[in-house]
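**Student:** my questions are about this predicted structure, shown below with the sequence.
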Amino acid sequence: MNRPFTLRALLIMTALAAASPTLASEIGYVDMQRVLEESDLGKAAQANLQERFGDEQQAFAREEAEIRQLQQTLERDRPLMSAAQVEKTEQEIQGRIEQFEEAFAEIQQQLARAQQQEGQKILQPARDAVISIAKQRKLDAVFEANQSGVVYLDDAGDITDAVIKSMNADAN
């Protein structure tokens, strides 16, 4: 849901509620980031991504540390090196940096695609759980807490824990 539509809907509902107490609407919100991080499906997706990309991330961290060490060594030893040695070392370091950045960008693209695929596996069960909870609590609208543009949300309207619990119950 795009932000202008969400904000417009909230303003309309607020205006209706203020205009007539008998038309007051119940509004809830859900923190989808927490759903992704804390639900069983979200934890499984995170574990899957870690399994698929954890080794590469560690390899990149090691390579980055090695490059930094080479740069520090060069700076430390520069006064003792000839201009040709400095230039050769700088070229070697620059070559490693370029290879690192190229490989890192490729892995980041793969990771982003994998995150999107894993997210799609969670999206429909999360929507189903939100709809179910909203109907149980007789809510007229549910907003995503981090994208609604709302400045204040009372904790009483937070259905995130119920959504996570519902998703986990459905997953088992």
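**Tutor:** Now that the structure is in, tell me what you want to look at.

**Student:** next one: Ile122 relative to Ile133, how far apart?
**Tutor:** 16 Å (C-beta to C-beta, to the nearest Å). Where you see a C-beta, it was placed from the backbone N, CA and C, and this is true even at glycine.

**Student:** do Thr160 as well
**Tutor:** 10 Å.

**Student:** so which residues of this structure form helices?
**Tutor:** Applying DSSP state H to the chain gives helices spanning 3-19, 32-38, 40-77, 83-136, 160-171.

**Student:** dead centre of the chain: give me the residue that sits there.
**Tutor:** Nearest residue to the geometric centre of the chain (C-alpha atoms, centre = their mean): Gln33, 6.7 Å.

**Student:** for Leu111, which residues are in contact?
**Tutor:** By C-beta atoms under 8 Å, 6 or more residues apart in numbering, the contact set of Leu111 is Leu49, Phe53.

**Student:** need the pLDDT of it.
**Tutor:** Note on Leu111: pLDDT of 93.

**Student:** and if you look at Phe5?
**Tutor:** Phe5 is assigned 50 on the pLDDT scale.

**Student:** count residues in the vicinity of Ser166, would you?
**Tutor:** 20 (other C-beta atoms under 10 Å).

**Student:** neighbours of the closest residue to it other than its chain neighbours, how many?
**Tutor:** Closest residue to Ser166 apart from its sequence neighbours, by C-beta to C-beta, 6 or more residues apart in numbering: Ala129 at 4.1 Å. By other C-beta under 10 Å, 23 other residues sit near Ala129.

**Student:** with Leu80 instead?
**Tutor:** A count of nearby residues for Leu80, using other C-beta under 10 Å, gives 8.

**Student:** got it, and Tyr29?
**Tutor:** 23.

**Student:** any idea how far Asp140 is from it?
**Tutor:** Per C-beta to C-beta, Tyr29 is found 13 Å from Asp140.

**Student:** do the same with Val163
**Tutor:** Going from Val163 to Asp140 by C-beta to C-beta gives 17 Å.

**Student:** more neighbours: which of those two?
**Tutor:** Under the neighbour definition other C-beta under 10 Å, Val163 and Asp140 were set side by side, and Val163 has more, 29 against 14.
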